[in-house]
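Asks: pasting a predicted model and its sequence here:
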Amino acid sequence: MTDVPTPSAPDPVDDETRDALLAVVRRFVADEVVPTAAHWDATDTYPEPLVDRMAELGLFGITVPVRYGGAGLDLVTYAAVVEELAYGWMSTTGFLNTHFMACYLIGRFGTEEQRQRWLPVLASGEIRAAYSLSEPDAGSDVAAIRTRARRHGDHYVVDGTKTWLTNGRMAGLAVTLVRTNDTDPPHRGMSVLLVDKEPGASTHGGITVGPNIAKLGYRGIETVEVVYDNHAVGTDALLGGVEDQGFAQMMAAVELGRVNIAARAVGVARRAFEESMRYAQQRQTFGRPIAEHQAISFKLAEMGTKLTAARLLYQEAARKKGRGERADLEASMAKLFCSETCWEICAEALRIHGGNGYASEYPIERLYRDAPLMIVGEGTSEIQKVVIARRLLEEHPLR
Ligand SMILES: Cc1cc2nc3c(=O)[nH]c(=O)nc-3n(C[C@H](O)[C@H](O)[C@H](O)COP(=O)(O)OP(=O)(O)OC[C@H]3O[C@@H](n4cnc5c(N)ncnc54)[C@H](O)[C@@H]3O)c2cc1C
């Protein structure tokens, strides 16, 4: 590994630069995302104009080092951008997340050739990336994956089925965890391949991309199964040129994914909270705004308090991970608290909106459908508790 600055640990940006970027993102969200989100969600169509605008704004390269064509911004800034985007529509943050995890993996663990090949085109958004770990029979239990890559001279032959690939159809790169060796314990025999694929195509060599998985929420963004049948991948696609490091590499990226989910949960929750604040002051029952009924005002008080606490947690996780420190505990705590809080706040927002909370005409109905993804993606709440408890017990052994 070299000492090239990694995408997750650049110098922190000054407040002025961060504020200027956030102002641009807020304007994009207000002018282009908020007015169109209901349409993209209802039709479950890929929002090409929004993705193109995100590329134009440089959002796909936000954390990629400047020398590889990115903006070289820090993780706290990235997380703040994710919160703003999610406020408009959660799916926009999904376009960034797997892409960002791929950029991180290549920047942190890739060879110099891999960085030069991939980072500039990823930073510009010309190529977008998927992050592929889950399989039909392995999600939480990563060590149980079965997709196998057998080495034959200068290439690997890949066989197996991956699923739940966010961005899996439109991506030109799928960062994929495969089994390269049979080992005990099994997680030691895994490697990461940077699998080149044709964006938008249903087949490419021995790769077949399945139809979009129909989902409760998180619409517009494609989530697909990918089958590998005798698919040849050059050995130069092995991340960092080293086998059997895949489990640790993918887990390092998952921590960033958890920061993304935590920040996007705060964005969705903030939208639900602000919609509720407005509605509660407009809607009258029994001769006064419902905000003046103590039962409703207490809900607002709790929502606002939890929202603020959630934001502090994701910011702390982003700061720690961004400084290059161990941050599995903080990332899991942030992911757990922010995602559960988001779902709770969306449910409270639905109650505050009464019957209108159930109507597609109001954004609460969409927020309520989008929120549960965050308690599952990048590791379920139960898995976050496993990580948190293990770390806390390590830190507090019996003396
Ligand atoms: C919309 C969407 C997008 C996704 N995008 C991606 C993607 O881009 N790339 C990717 O690789 N994956 C992706 N995933 C997959 C996601 O990461 C997994 O669904 C998640 O990790 C859970 O795995 P699973 O579905 O196999 O559930 P399982 O692992 O089968 O878990 C089922 C239940 O058992 C619980 N459980 C499992 N093990 C334990 C344990 N040890 N202790 C206590 N409880 C336990 C879980 O918490 C859960 O409640 C996506 C999923 C969704 C829904």
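Replies: Sure thing, it's come through.
Asks: near the ligand, which residues of this structure?
Replies: By C-beta under 6 Å from any ligand atom, the residues of the chain that approach the ligand are 98, 131-134, 139-141, 164-166, 215, 218, 223, 373, 376-377, 379-380, 382-383, 386. In short, each C-beta sits where N, CA and C put it, glycine included.
Asks: so which of those belong to strands?
Replies: Among the residues of the chain next to the ligand, the residues falling in strands (DSSP state E) are 131-132, 164-166, 223.
Asks: out of the residues of the chain next to the ligand, which are buried?
Replies: If you count burial by 16 or more other C-beta atoms under 10 Å, the buried members of the residues of the chain next to the ligand come out as 98, 131-134, 139, 164-166, 218, 223, 373, 377, 379-380, 383.
Asks: still on that earlier bit, okay if I get the ones in strands among the residues of the chain next to the ligand as JSON lines plus pLDDT and distance to R146?
Replies: Formatted as JSON lines, the entries for these read as follows, by pLDDT from 0 to 100; distance: C-beta to C-beta, whole Å:
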{"residue": "Y131", "pLDDT": "98", "distance to R146": "18"}
{"residue": "S132", "pLDDT": "98", "distance to R146": "13"}
{"residue": "W164", "pLDDT": "98", "distance to R146": "15"}
{"residue": "L165", "pLDDT": "98", "distance to R146": "16"}
{"residue": "T166", "pLDDT": "97", "distance to R146": "21"}
{"residue": "T223", "pLDDT": "97", "distance to R146": "20"}
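Asks: pick the one among those residues closest to E316.
Replies: The shortest gap between E316 and any of those belongs to Y131, at 23.8 Å (C-beta to C-beta).
Asks: the closest one and C103 touch, don't they?
Replies: No: using C-beta atoms under 8 Å, Y131 and C103 do not qualify as a contacting pair, with a distance of 10.4 Å.
Asks: per-domain residue ranges of the chain.
Replies: Domain assignment for the chain by automatic domain parsing gives 15-127, 131-244, 248-395.
Asks: helix or strand right after the lengthiest helix in the chain?
Replies: Longest helix of the chain, by residue count under DSSP state H: helix 246-282. Beyond helix 246-282 in the direction of the C-terminus, DSSP states H and E gives the next helix or strand as strand 284-285.
Asks: report the mean per-residue pLDDT for that following strand.
Replies: With pLDDT averaged residue by residue, strand 284-285 scores 98.
Asks: what's in contact with that strand?
Replies: Outside strand 284-285, the residues within contact range by C-beta atoms under 8 Å, 6 or more residues apart in numbering are 290, 293.
Asks: low-confidence regions, the chain specifically.
Replies: Across the chain, the stretches falling below the confidence threshold (pLDDT under 70) are 1-11.
Asks: if you set the cut-off to 90 instead, what comes out?
Replies: Within the chain, the stretches falling below the threshold (pLDDT under 90) are 1-18, 183-187, 324, 399.
Asks: of all of it, which residue lies closest to the ligand?
Replies: With distances taken as C-beta to the nearest ligand atom, the chain approaches the ligand most closely at G139, which sits 2.0 Å away.
Asks: what ranges do the strands span in this structure?
Replies: With DSSP E as the criterion, the chain has strands at 129-132, 148-152, 155-166, 173-179, 190-196, 203-204, 207-209, 223-234, 284-285, 288-289.
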